[in-house]
Each structure stands twice: as C-alpha cells, then as structure tokens.
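S.K.: sequence first, then the predicted structure, then my questions.
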Amino acid sequence: MHTQNLNKLWDIALLLAVITVFYNMLEGLVSVFFGISDETLSLFGFGLDSFIEVMSGIGIWHMIIRIKRSHNYDGPLQSNIQAKRDAFEKTALRITGISFCILTVGLILTVIYNIITNHKPETTFWGIVISLISIVTMVILMTVKIRVGRQLKSDAIIADAHCTKTCIYLSIILLVASVLYEIFKIGYIDSVGAIGIAFYAYKEGKEAMDKAKGKQCCECGDTQH
C-alpha cells in the first residue's frame, strides 16, 4: 500500500479512537447521572460499561500514536515497522481483553443485584433516549473501524470494533428494557439478555487475550476483505 494512503488510514484510525474515548466518557457521565437520579439500575450499569470501554479506546489510541511516530523515521526502523506494529497490537489486544473481562464481571454483578433487590426505576425515559443515540453512533463507528482495520490488517483495531459491537448489543438491551418498562412497568426484563451479553463479552475478551499470546483465533473479521 502507498505510504500516503497508509498514513491516511492511520489518521482515520486515530480519529476513530479519539471519538470512541470521548464519546464513551460523555455517555458514561450522562448515563450514570440519570441512572442515579431516576434510580435506573440498567442505565447506571450501562454508564459504567461505557467507562470500561474507554480503556479499550485508550489502548488503541496509544498504539496508533506509536505506529504513526515510527513512520516518521527512515532507515532500519522503517523495515521493522511491521514487527513493531505486532508488539504494539499485542499490548492493545491485552487491554481490550481485560476490558471485556471487567465488562463481564460488571454485567453479572449488575444482574445479581437487580434480582436480589427487586428494585424498580422511577422512569426509563432517558434510557430510551441514550440507547437510541448510542445505537446509531456505535453502528457508524463499528462499520468504519472494521473497514479501516481490514485495510490495515490490524487485529487490534478489528478487536476494538467488536468491543464496539458489544456496546451496540448493550444499547439494544437497554432500549428494549426501557421501552417495556415504560409500557408495562415490568422490572428486570434485561436480566436474561444481560447474561447473554456477559457470555459474549467473556468470549471476545478471551479471544483478544489469545491473540495477544500469538494464538490463531477464528474471527470472521479477519477473513473477509
């Protein structure tokens, strides 16, 4: 790939990482605020999930910055960029894997607390609003990340895109739970779905950690071009 095109792709990847970090920080703050004020456990947990996703975004952000700096030099370093990129991505994959594991534990604890306390929120209106915004935003981010990751042949960026996919699933759960509660006043409708998401998060986290260790993992995103 031409150097100019390659640099442009890394610029796009960096921009996506920055957008992901700051969007999740904002989403986390807003969700936690309304989750506490409306006593909405699902929205509060969703906000904590957003903060956890920041960890993955920071890992990708840091990796891309280091790779871009490597491209600014000539000589022996330039010929070793691909090898160094692998090392950078292993670190980012570990961060992504750890983030998924934390996300899994957080979801399970949220479900347990939800069932034990039998707590019902005052309203889930803001859960509907926030989840709709999140779904649209994350679908766009995931689509672009996967495309850029495949063009750069970067497992770390593709893994981060799958981290974004988990955010979409969580947003759908929040949306369904919020809508059903507003209509039927049924609490804890998201518990079964949250357990399914926890399993998915664990699976993706394990896969990211295996890739960081150099193991070959089956992932559709790696084989489609």
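M.R.: Received it, and whenever you're ready, just let me know what you need.
S.K.: could you pull out the helices in this structure for me?
M.R.: 3-37, 41-70, 76-79, 81-117, 125-152, 155-184, 191-212, 220-223 (DSSP state H).
S.K.: which parts of the longest one are buried?
M.R.: Of the residues in helix 81-117, those with enough neighbours to count as buried (16 or more other C-beta atoms under 10 Å) are 85, 88-90, 92-104, 106-108, 110-111, 114. Placement of C-beta: from N, CA and C, glycine included.
S.K.: now swap in the second one and tell me
M.R.: Judged by neighbour count using 16+ other C-beta under 10 Å, the buried positions of helix 41-70 are 41-61, 63-64, 67.
S.K.: show me how far it is from its chain's centre.
M.R.: 7 Å (C-alpha atoms, centre = their mean, to the nearest Å).
S.K.: which helices and strands does that helix pack with?
M.R.: Using 3 or more C-beta pairs under 8 Å, 6 or more residues apart in numbering; DSSP states H and E as the contact definition, the elements that helix 41-70 packs against are helix 3-37, helix 81-117, helix 125-152, helix 155-184.
S.K.: between those helices, which one is closest to Lys206.
M.R.: Among those, helix 81-117 comes nearest to Lys206, with 7.1 Å by C-beta to C-beta.
S.K.: relative to helix 41-70, how tilted is the closest one?
M.R.: 170 degrees (axes from the mean of the first three to the mean of the last three C-alpha atoms, to 10 degrees).
S.K.: for helix 81-117, the distance to its chain's centre please.
M.R.: 9 Å.
S.K.: name the helices or strands packed onto it?
M.R.: Against helix 81-117 (3+ C-beta pairs under 8 Å, 6+ apart) you get helix 41-70, helix 155-184, helix 191-212.
S.K.: so how far is Trp61 from the residue nearest to Leu152 when sequence neighbours are not counted?
M.R.: Here the nearest residue to Leu152 in space, its sequence neighbours aside, is Leu9; by C-beta to C-beta, 6 or more residues apart in numbering that works out to 5.5 Å. According to C-beta to C-beta, to the nearest Å, Leu9 stands 15 Å off from Trp61.
S.K.: gap between Leu6 and Asp160?
M.R.: Counting by C-beta to C-beta - Leu6 and Asp160 are separated by 19 Å.
S.K.: so which of these two has more stuff around it?
M.R.: Neighbours per residue (other C-beta atoms under 10 Å) separate Leu6 from Asp160, with Asp160 holding more: 33 against 15.
S.K.: disregarding residues adjacent in the polypeptide, which is nearest to the more buried one?
M.R.: Counting by C-beta to C-beta, 6+ apart, the residue nearest Asp160 is Ile60, at 4.8 Å.
S.K.: ok, Ala159 - contacts?
M.R.: Ala92, Leu93, Thr96, Glu204, Glu207, Ala208, Lys211 (C-beta atoms under 8 Å, 6 or more residues apart in numbering).
S.K.: the fourth one contacts Thr166, correct?
M.R.: I take that to be Glu204. Yes - counting by C-beta atoms under 8 Å, Thr166 is a contact partner of Glu204 at 6.7 Å.
S.K.: all set, thanks.
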